[in-house]
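# Next comes the sequence, and after it the predicted model I'd like to discuss.
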Amino acid sequence: MENKYLDINTLKFLLYEVHDLQNVLDQSRFNDYDQESIGLFLNAVKDFSDREMFPFFREMDEQPARFEDGEIIVHPQVKNYIKKGGEMGLVSGLFDYEIGGMQLPGMVVTASAYIQETANNHLPGYIGLTLGAAELIEKFGSKELNDKFVPKMLTGDWTGTMCLTEPQAGSSLSDIITSAEPTEDGYNISGQKIFISGGDYKGAENIVHLLLARIKGAPAGTKGISLFVVPKNRESANGELVSNDVTTFADFEKMGQKGYCTTHLFFGHNDDCKGWLVGEPNQGLKYMFMMMNGARIAVGRGAAAISMAAFQASLSYARERPQGRNLTNTGKKDVSQEQTLIINHPDVKRMLMLQKVVAEGSLSLILLSSKFHDLSQTHSDPEEREKYSYLLEMLTPIAKTYPSEMGLLSVSNGLQVLGGYGFCSDFILQQYYRDIRIFSIYEGTTGIQSLDLLGRKMTMNNGKGVKLLSDEIMNSIQDASKFEDLKPYAQKLGETLKLTQEVLQFLMQFAKKGDYERFLSDATVFMEFFGNIVVGWLWLEIAVKSQNAMVLSDTKYSSAFYESKISAMKFYFKYEIPKTKALAEVLMDKHVLTTANENQLFT
């Protein structure tokens, strides 16, 4: 069954043309690859997704993961997917050749995962977390830990997780109480973790948990948190796998992503759980954030994929569903005419266009973030690496948040396109709507990402990050201004960028006074404001590439394809960009309600 909800042409256009994958391939690390070989890899991933993922998407919703007799039962395809995905290199893609990796650019791995997530968003997390956990061990762990765990993780024989959250410590990681007591052969681990994606399932040979805990006597707060490898099963003296006293207490029953198990784990229930320190003591949070930053971009990618799949499903329905009639010149319907397809109604087109600009804009944002990550790690010029590191820092909270929040709105519009059928389980839109709702919560809620953007990223190194990002936006504005048809949109984006400066000047006065609660009180509003501008920039860049292709008579894609991209940009600038003015008015309003005493608001 083909994954018909993937727009592969748009993916390749954004990857190759808009975000210039070749720039990354030119770095010495990726000398063995060219665009043709990357294309073959992505086509193979699409074929794999069509065969091994898409046909099971609805089944996984109808036959969810469940806790039964002390074990978590998942759909049989979970194990098949991990095994075959491991054989294809879907875990090892980012890693060095020397340890069995494929040494692919992150942009390509991102595109590969996106293809999979449009097919079935319940499965890729099992592989994605394994990749992230193995990356942490490879980067910070000892040779012994690397030799013991990484090879089997890269082949997909063993999977991995990240274990942060505890019942009393969600976003507030400083309140973690899971403990680690030194012994002769490692550490005794004791504590519990909740909301552990892919944390356990029947039939898994081993699951390697990357766990945050506090060594006995460590400092309070985040400064005393260390990182440990804690496998579900450990090797005995004779090399056999035996239980490591990691007990599954439950699987959380969720409204969406039901095929992706989410567990409650207890470590050391029988005082026999062993862990091994990764890197230095009390540096765990710093190490884990390496994985979390990648995970945040991955969350945005998953939301972007669901948005695209839902858009394609809505578009397909609108092209087939007759309903109502077109208005005549008199403003009345001619009931003697046959019904028209709903895609001919202006309001339906508006909803579909919103879905399109959110889905494609989100994908563009994710690919650009991945490009910045690649270049921050591999560019030959140290100054360029530093620049791309700053740009990556700026985009990461937006890349997680915009696709998640706007994706939910986008899929909601898809439900509306289907009318009453959108609310019925016969059609796929309701599943996409339930699945995407978690993405604004995964890996730090929208509020947490917003505090990060305004409180840390906008102020880091005296605003260097936002200055570099503004320079990138101004370059696109200048490129767009060369085309007469795009000039008005370039001018509008430039005006909106100036509005950002006004908003920041207004808010920074509170930070300078030390009134950080006021400074950050509307951080989520600022996220919506600035995310809107960033995606507007990306749409202008898409329009520039499309306009230039038509001028040069580029035949990689059809004229209709390029024209549709320019039309989408114009839609975004008509319906979305104007919202920044209202948001700016909110941000610069002197009245503050949310810092008031609880009794003043809710009595």
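Thanks, I have it.
# Start and end of stretch 82-98, how far apart?
Distance across stretch 82-98, first residue to last, is 22 Å (C-alpha to C-alpha, to the nearest Å).
# Check which residues of that stretch are buried.
Neighbour-count burial for stretch 82-98, counted by 16 or more other C-beta atoms under 10 Å, picks out Ile82, Gly85, Gly86, Met88, Gly89, Leu90, Val91, Ser92, Gly93, Leu94, Phe95. (Glycine included, C-beta is placed from N, CA and C.)
# Just name the closest of those to Met53, please.
Closest approach between those and Met53, by C-beta to C-beta: Gly85, at 9.3 Å.
# Go ahead and confirm that closest one touches Lys79.
No - assessed by C-beta atoms under 8 Å, Gly85 is found out of contact with Lys79, at 10.6 Å.
# residues near Phe571, how many?
17 (other C-beta atoms under 10 Å).
# how near is it to Ser564?
Between Phe571 and Ser564 the computed distance is 10 Å (C-beta to C-beta, to the nearest Å).
# do the same with Met290
For Met290, the distance to Ser564 equals 38 Å [C-beta to C-beta].
# Name the residues of stretch 369-377 that are buried.
Buried positions in stretch 369-377, judged by neighbour count with 16+ other C-beta under 10 Å: Ser369, Ser370, Lys371, Phe372, His373, Asp374, Leu375, Ser376.
# Please list the members of those that lie in strands.
Among the buried residues of stretch 369-377, the subset assigned to strands under DSSP state E is empty.
# which one among those residues gets closest to Leu391?
Closest to Leu391, out of all of the buried residues of stretch 369-377 and judged by C-beta to C-beta, is Phe372, at 4.7 Å.
# Quick check, that closest one in contact with Leu395.
Yes - applying C-beta under 8 Å as the test, Phe372 and Leu395 come out as touching, 6.5 Å apart.
# how about the nearest residue to Val586, chain neighbours excluded?
Of all residues not flanking Val586 in the chain, Val525 sits nearest, at 5.4 Å (C-beta to C-beta, 6 or more residues apart in numbering).
# right, I mislabeled it, should have said Lys216
For Lys216, the spatially nearest residue (C-beta to C-beta, 6+ apart) is Glu181, at 5.1 Å.
# First-to-last residue distance for stretch 338-357?
Using C-alpha to C-alpha, one end of stretch 338-357 lies 31 Å from the other.
# Show me the shaky parts of the protein.
Applying pLDDT under 70 to the chain flags the ranges 1-3, 328-334.
# one more time with 80
Scanning the chain for pLDDT under 80 picks out 1-4, 170-172, 290-291, 322, 325-337, 603.
# So in it, which helix runs the longest?
Ranked by number of residues, the top helix in the chain under DSSP state H is helix 382-418.
# Which elements pack onto it?
Where contact means 3 or more C-beta pairs under 8 Å, 6 or more residues apart in numbering; DSSP states H and E, helix 382-418 is packed against helix 284-318, helix 346-378, helix 429-436, helix 446-451, helix 464-480, helix 523-551.
# and the ones you listed as TSV, adding distance to Lys12?
Shown next, in TSV, are those (distance: least, C-beta to C-beta, whole Å):
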stretch	distance to Lys12
helix 284-318	13
helix 346-378	11
helix 429-436	23
helix 446-451	29
helix 464-480	21
helix 523-551	13
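# Quick one, which of those gets closest to Val208.
Proximity to Val208 (C-beta to C-beta) singles out helix 284-318 among the helices and strands packed on helix 382-418, at 12.7 Å.
# Tell me the gap between the closest one and the middle of its chain.
Distance of helix 284-318 from its chain centroid, counting by C-alpha atoms, centre = their mean, to the nearest Å, is 3 Å.
# So which bits of that helix are buried?
So helix 284-318, judged by 16+ other C-beta under 10 Å, has buried residues 284-285, 287-288, 291-315, 317-318.
# One more: stretch 481-488?
In stretch 481-488, counting by 16+ other C-beta under 10 Å, buried: Ser481, Phe483, Leu486.
# and the gap between the first one and Thr500?
Translated: Ser481. With the distance defined as C-beta to C-beta, Ser481 ends up 19 Å from Thr500.
# returning to that earlier point: got a list of what the residue nearest to Lys216 touches?
The contact partners of Glu181, by C-beta atoms under 8 Å, 6 or more residues apart in numbering, come to Tyr187, Asn188, Ser190, Ile215, Lys216.
# Which helix or strand contains it?
Taking DSSP states H and E as the criterion, Glu181 maps to strand 179-183.
# list the buried ones in that strand?
In strand 179-183, counting by 16+ other C-beta under 10 Å, buried: Ser179, Ala180.
# same check, this time on stretch 44-59
Buried residues in stretch 44-59, counted by 16+ other C-beta under 10 Å: Val45, Lys46, Phe48, Ser49, Asp50, Glu52, Met53, Phe54, Pro55, Phe56, Phe57.
# Include distance to Leu454 and secondary structure when you put those into CSV, please.
Shown next, in CSV, are those (distance: C-beta to C-beta, whole Å; DSSP: H, G, I helix; E, B strand; the rest coil):
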residue, distance to Leu454, secondary structure
Val45, 37, helix
Lys46, 39, helix
Phe48, 41, helix
Ser49, 37, helix
Asp50, 42, helix
Glu52, 42, helix
Met53, 38, coil
Phe54, 39, helix
Pro55, 44, helix
Phe56, 41, helix
Phe57, 37, helix
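# follow-up on the earlier one: partners of the residue nearest to Lys216 in the sheet?
Taking DSSP bridges as the rule, Glu181 bridges to Asn188.
# From Ala213, how far out is it?
10 Å.
# repeat for Ala298
Taking C-beta to C-beta, one finds Ala298 at 24 Å from Ala213.
# cool, and Asp185?
According to C-beta to C-beta, Asp185 and Ala213 sit 17 Å apart.
# gap between Asn462 and Met508?
Distance, Asn462 to Met508, by C-beta to C-beta: 11 Å.
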